[in-house]
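>>> Got a predicted structure plus its sequence, pasted below:
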Amino acid sequence: MADRDIAFAQFVTAKGDGLQRTAYLLCGDWHRAEDLTQVTFTKLYRQWPKLTDREALDGYARKVLVRTFLSERRLGWFRREHVTAEHEDAADRGIGQPEDRMMLLAALARVPKGQRAVLVLRYWEDLSIEDTARLLECSEGTVKSQAARGLQALRTLLDVTPLSPRRGA
C-alpha cells in the first residue's frame, strides 16, 4: 500500500464516524448518510494527491459532504427524502435515545435543505458565520437569514416558543 493510501485510510478511520453523523443530520436517514459519506470519501480520494494542506482536510471534507448533499437532486441517484417517526438504528449509534432528540431530528429532516445545511454547520459543527458562509460559498447575511428561518421552521415544527430575555434583569 502506498504512503498516500495509508494516509487516506488513516484519515477515513479518524473522520468517518463524524462525517457520517453530520451526513445523518443533513439527510435524516442512516443509509443515505452512509451513501453521502462514501461519495464524499470517493471524491476526496480522487483529489488526495493534490491536497497538500493536511490542516485543512477536515474543512475540505465537510465542504465536499455538504455540497454532495445539496446537489443530490441534480445527481438523481439518491432517493428522495422520506420523513418517518422512527429512527430504528439511532439508539445503535448513540444518537437520539431521549425522546426530545428524536423529535428534533425528525423536525430537522423537514426543514428545507439549505436551511438545514446552515443549521447543521452552525449548531452541530459549531462553525462561525464566516466559516459557514465560506463553506457554502454564500454571504454572511445569507447564513444569518437561513439560520433564522431554519430555527423558526424548527420552532414551528416543534411548537416551541423561544425564550425572551426578562426585562429589568
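In hand now; what should we look at?

>>> immediately after the worst-scoring helix or strand of the chain on mean pLDDT, which helix or strand?
One helix or strand of the chain scores below all others by mean pLDDT, DSSP states H and E: helix 72-75, with a mean of 60. Going down the chain from helix 72-75, the next helix or strand is helix 99-110, by DSSP states H and E.

>>> for that following helix, what is the average pLDDT?
Averaging pLDDT along helix 99-110 gives 84.

>>> Give me the buried positions along that helix.
By neighbour count on 16 or more other Cβ atoms under 10 Å, the buried set for helix 99-110 is 102, 104, 105, 106, 107, 108, 109. C-beta: built from backbone N, CA, C; applies to glycine.

>>> Could you do stretch 136-154 as well?
Here stretch 136-154 shows 136, 142, 143, 146, 147, 149, 150, 151, 153, 154 as buried, counting by 16+ other Cβ under 10 Å.

>>> Reformat the residues you listed as CSV; add pLDDT, distance to residue 117 and secondary structure.
Below are these laid out as CSV (pLDDT from 0 to 100; distance: Cβ to Cβ, whole Å; DSSP: H, G, I helix; E, B strand; the rest coil):
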residue, pLDDT, distance to residue 117, secondary structure
136, 91, 7, helix
142, 94, 11, helix
143, 94, 10, helix
146, 95, 8, helix
147, 93, 10, helix
149, 94, 12, helix
150, 92, 9, helix
151, 91, 14, helix
153, 91, 13, helix
154, 88, 14, helix
